[in-house]
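>>> I'll drop the sequence and a predicted model, then ask my questions.
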Amino acid sequence: GAGVSQSPSNKVTEKGKDVELRCDPISGHTALYWYRQSLGQGLEFLIYFQGNSAPDKSGLPSDRFSAERTGGSVSTLTIQRTQQEDSAVYLCASSGGADPSYEQYFGPGTRLTVT
Amino acid sequence: KQEVTQIPAALSVPEGENLVLNCSFTDSAIYNLQWFRQDPGKGLTSLLLIQSSQREQTSGRLNASLDKSSGRSTLYIAASQPGDSATYLCAVNSFGNEKLTFGTGTRLTIIP
């Protein structure tokens, strides 16, 4: 079946502009995660959605970052007033339920470049 | 706070050799550990998932072990091939966190 998809695959934006990144999880998966992979920082957690519960936003680096998940499916990560340090690959993952033992499946990522 | 370390950071071996990649973590209270591979410019491909109650998992030429009490996991690759060249990441899912904590990865190069 279809895996996790993300769009766009690449995004180049000017400093100060807002960007939206999209994630389509695997159908039926209730848990959705956003991670960021940047040079020198490795892979770090940003935000986690599980069903209708309040999201875990503990990994968001600043209030310029926000995310929503509509209808328990598609998620959008928004970065306002982008800065050069926001340049990274943004990865989305989904898993089948609230149980942390479920495997997480990753999308191909969105490479964001802020000029 | 969980910390995950992978050694070595980079490894080059001739084709056909067996090799071992190492992963260590500081907090043994984990649900599971996953090994991923990442090709340049690509996302993550899950290789093996070991639940905390398991000691090892095998898939083809890959074998992953888990020693939770000592905070260690190894990924064994048998009869390496040039197509195995990639960065290998381990990640743990810890109690009290639903998120994965990743190691910094081992960049593997198989020399034809």
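Yes, it's here.

>>> please name the bridge partners of residue A:67.
With beta bridges defined as DSSP bridges, residue A:67 has these partners: residue A:77.

>>> let me know how buried it is, in neighbour terms.
Residues near residue A:67, counting by other C-beta atoms under 10 Å in any protein chain shown, number 22. Placement of C-beta: from N, CA and C, glycine included.

>>> who's in contact with it?
Contacts for residue A:67 (C-beta atoms under 8 Å, 6 or more residues apart in numbering or on different chains) come out as A:34, A:46-47, A:49, A:55, A:57, A:60, A:75-78.

>>> measure it to residue B:82 for me?
Distance, residue A:67 to residue B:82, using C-beta to C-beta, to the nearest Å: 39 Å.

>>> for residue A:7, what are its contacts?
Contacts for residue A:7 (C-beta under 8 Å, 6+ apart) come out as A:21-22, A:24, A:110.

>>> what about 7 Å?
Residue A:7 is in contact with residue A:22, counting by C-beta atoms under 7 Å, 6 or more residues apart in numbering or on different chains.

>>> hang on, the earlier thing: which one (most neighbours) among the contacts of residue A:67?
Result: residue A:34 is most packed of the contacts of residue A:67 (other C-beta under 10 Å), 26 neighbours.

>>> what about it, helix or strand, and which?
Taking DSSP states H and E as the criterion, the element that holds residue A:34 is strand A:31-38.

>>> name the nearest residue to residue B:75, sequence neighbours excluded.
Take residue B:75 and drop its neighbours on the chain: the residue closest to it by C-beta to C-beta, 6 or more residues apart in numbering or on different chains is residue B:21, 4.4 Å away.

>>> need the contact list for that neighbour.
Residue B:21 makes contacts with B:74-75, B:88, B:106, as judged by C-beta under 7 Å, 6+ apart.

>>> okay if I get these as JSON lines plus pLDDT and neighbour count?
Formatted as JSON lines, those follow (pLDDT from 0 to 100; neighbours: other C-beta atoms under 10 Å in any protein chain shown):
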{"residue": "B:74", "pLDDT": "97", "neighbour count": "17"}
{"residue": "B:75", "pLDDT": "97", "neighbour count": "23"}
{"residue": "B:88", "pLDDT": "97", "neighbour count": "22"}
{"residue": "B:106", "pLDDT": "96", "neighbour count": "21"}
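
>>> tell me which parts of chain B are close to chain A?
B:31-32, B:34, B:42-44, B:46, B:49, B:51, B:89, B:93, B:98-100, B:102, B:104 (C-beta under 7 Å from any C-beta of the partner chain).

>>> separate out the buried members of those residues.
Among those, those classed as buried by 16 or more other C-beta atoms under 10 Å in any protein chain shown are B:31-32, B:34, B:43-44, B:46, B:49, B:89, B:93, B:98-100, B:102, B:104.
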